[in-house]
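Student: Sequence and predicted structure below; questions after.
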Amino acid sequence: MPILMHLKTFSNITDFPKTKGTVLTLGTFDGVHLGHAKILNKIIEAAKIMDLESVVLTFHPHPRSVLQTDIPMHLLSCVDEKSNLISNAGVDHLVIHPFDIAFSQLTAEEFVTDILVKKFNIKKIIIGYDHRFGKNRTANIDDLTRFGMEFGFEVVQITAEEVNAITISSTKIRKALENGDCSTAQDYLGHPYILSGTVVKGQKLGRTLGFPTANLLPCCEEKLIPKNGVYVVRVSFNNSFYSGLLNIGNRPTVSGATRTIEVHLFDFSQEIYDSKLSLEFLTFVREEQRFDSLEALKNQIISDKEQAMAYFQNLPK
């Protein structure tokens, strides 16, 4: 996935520079799907019209993982993935602020005066009708509108329909990935589902079969890993793209004890341990299965690779 250099990213609100004024939105933007893209377009267009700068304020870790530790998180995008996707949208600034208990204790007035007004110099905020903020999430859109009148910034509501569409899209993307349905996930995302991570050492079994694989450690523990099975993927490495075949699963043929993510890159022979890879899920090939012998497994991989190569050959130029 190409990374555009237009975006300026900050890892803390305190690092944000003084500006003549901003149009801002805030939220988790997990997956940065088509519903999110509409909001990003709104702040970009408003910033251009008002001759201001567009800002997305988001948080890491996810607020729910801090405030509701008993609920497991399955994120559609890690921090770097989210940054790249927001960059591609054309936003001026992305602020990924550390979320912790202390930050959650800010009152609504402190959040508005100290952060929105003093740090971001906001002139317009675009936010969901159901958004709640401040300590114990006691303030709502009406309170924000009142603050806007007091401090001179405009508040624009994202409609209930748009907010619901975002929630529904996120749910459908997760369900699709849990079923290996890459096409439906892509329809709602507006781009292929992305899984990035670091190449780590494996058992090198694929190499003995003639299909060397890179074992991927996902970018974060909370990352949603699609259903076990074999996928056709496009792999980004060092700003170049490669076709590939991905296996997610426990490798039952060799009595694997842990779930692994292994990708075989076509026409590729570099040593890439400790390197970063980004995978785009294109289509599901087959379920994971146990074979009676390594030879049977090898023959199936040959067939899988032929199917994957045919997939790429049939893609529109």
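Tutor: Happy to help now that I have it. Numbers count the residues shown, from 1 in each chain.
Student: worst-scoring helix or strand of this protein, pLDDT-wise?
Tutor: helix 205-208 (a mean of 65; mean pLDDT, DSSP states H and E).
Student: the helices in the stretch 101-250 of the chain, which residues?
Tutor: Residue ranges of the helices in the stretch 101-250 of the chain, as given by DSSP state H, counting those that start in this stretch, are 101-104, 108-110, 141-151, 160-178, 182-189, 205-208.
Student: mean pLDDT lowest for which of those?
Tutor: Among the helices of the stretch 101-250 of the chain, helix 205-208 carries the lowest mean pLDDT, at a mean of 65.
Student: phi, psi of residue 14?
Tutor: Main-chain torsions, residue 14, degrees, to the nearest 10: phi -60, psi -20.
Student: For the closest residue to it other than its chain neighbours, give me its contacts.
Tutor: Once flanking residues are discounted, residue 14 sits nearest to residue 119: 7.5 Å by Cβ to Cβ, 6 or more residues apart in numbering. Just so you know, the C-beta spots here come from the backbone N, C-alpha and C atoms, and that holds for glycine as well. Neighbouring residues of residue 119 by Cβ atoms under 8 Å, 6 or more residues apart in numbering: 13-14, 16.
Student: Likewise for residue 57?
Tutor: Counting by Cβ under 8 Å, 6+ apart, residue 57 has contacts 13, 24-26, 95, 97, 120.
Student: right, and the helix or strand after the helix or strand encompassing it?
Tutor: Here residue 57 is covered by strand 53-60, with elements defined by DSSP states H and E. Downstream of strand 53-60, the next assigned helix or strand under DSSP H and E is helix 63-67.
Student: Extract the C-alpha set from the helix or strand just after that next one and format it as PDB.
Tutor: Using DSSP H and E, the helix or strand that follows helix 63-67 in sequence is helix 79-89. Output in PDB follows, covering the C-alpha atoms of helix 79-89 (Å, rounded to 0.1, in the frame of the first residue of the first chain):
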ATOM      1  CA  VAL A  79      -1.800   2.000  14.400                       C
ATOM      2  CA  ASP A  80       0.500   2.000  11.400                       C
ATOM      3  CA  GLU A  81      -2.200   0.600   9.100                       C
ATOM      4  CA  LYS A  82      -4.700   3.300  10.300                       C
ATOM      5  CA  SER A  83      -2.100   6.000   9.700                       C
ATOM      6  CA  ASN A  84      -1.500   4.800   6.100                       C
ATOM      7  CA  LEU A  85      -5.200   4.600   5.300                       C
ATOM      8  CA  ILE A  86      -5.900   8.100   6.700                       C
ATOM      9  CA  SER A  87      -2.900   9.400   4.900                       C
ATOM     10  CA  ASN A  88      -4.300   8.100   1.600                       C
ATOM     11  CA  ALA A  89      -7.500   9.900   2.300                       C
END
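Student: which residues sit against the next helix or strand after helix 79-89?
Tutor: For helix 79-89, the following helix or strand on the C-terminal side (DSSP H and E) is strand 93-98. By Cβ under 8 Å, 6+ apart, the residues outside strand 93-98 that reach it are 7-13, 15-16, 22, 53-60, 79, 82-83, 86-87, 103.
Student: Quick one: distance of strand 93-98 to the chain centre.
Tutor: Counting by Cα atoms, centre = their mean, to the nearest Å, strand 93-98 is centred 15 Å from the centre of its parent chain.
Student: How about that strand, which residues are buried there?
Tutor: Neighbour counts using 16 or more other Cβ atoms under 10 Å place 93-97 of strand 93-98 among the buried residues.
Student: repeat for stretch 140-147
Tutor: For stretch 140-147, burial by neighbour count (16+ other Cβ under 10 Å) applies to 141, 143-145, 147.
Student: do stretch 239-246 as well
Tutor: For stretch 239-246, the neighbour count (16+ other Cβ under 10 Å) marks 243-246 as buried.
Student: and if you look at stretch 219-239?
Tutor: For stretch 219-239, a neighbour-count test (16+ other Cβ under 10 Å) marks 219-220, 222-224, 226-227, 229-237 as buried.
Student: How about exporting it as CSV, limited to the C-alpha atoms?
Tutor: Extracted in CSV, the C-alpha atoms of stretch 219-239 (Å, rounded to 0.1, in the frame of the first residue of the first chain):
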residue,chain,number,x,y,z
CYS,A,219,1.4,-5.8,14.1
CYS,A,220,-0.6,-6.0,17.4
GLU,A,221,-2.0,-8.7,19.6
GLU,A,222,-5.6,-7.3,19.1
LYS,A,223,-5.4,-7.5,15.3
LEU,A,224,-8.3,-9.5,13.8
ILE,A,225,-7.0,-12.5,12.0
PRO,A,226,-9.3,-13.9,9.3
LYS,A,227,-10.6,-17.5,9.3
ASN,A,228,-8.1,-20.3,9.0
GLY,A,229,-7.4,-21.4,5.5
VAL,A,230,-5.5,-20.6,2.3
TYR,A,231,-5.8,-17.1,0.7
VAL,A,232,-4.5,-15.3,-2.4
VAL,A,233,-2.7,-12.2,-1.2
ARG,A,234,-0.8,-9.2,-2.5
VAL,A,235,2.2,-8.4,-0.4
SER,A,236,3.9,-5.0,0.1
PHE,A,237,7.6,-5.1,0.9
ASN,A,238,10.0,-2.2,0.6
ASN,A,239,7.5,-0.2,-1.5
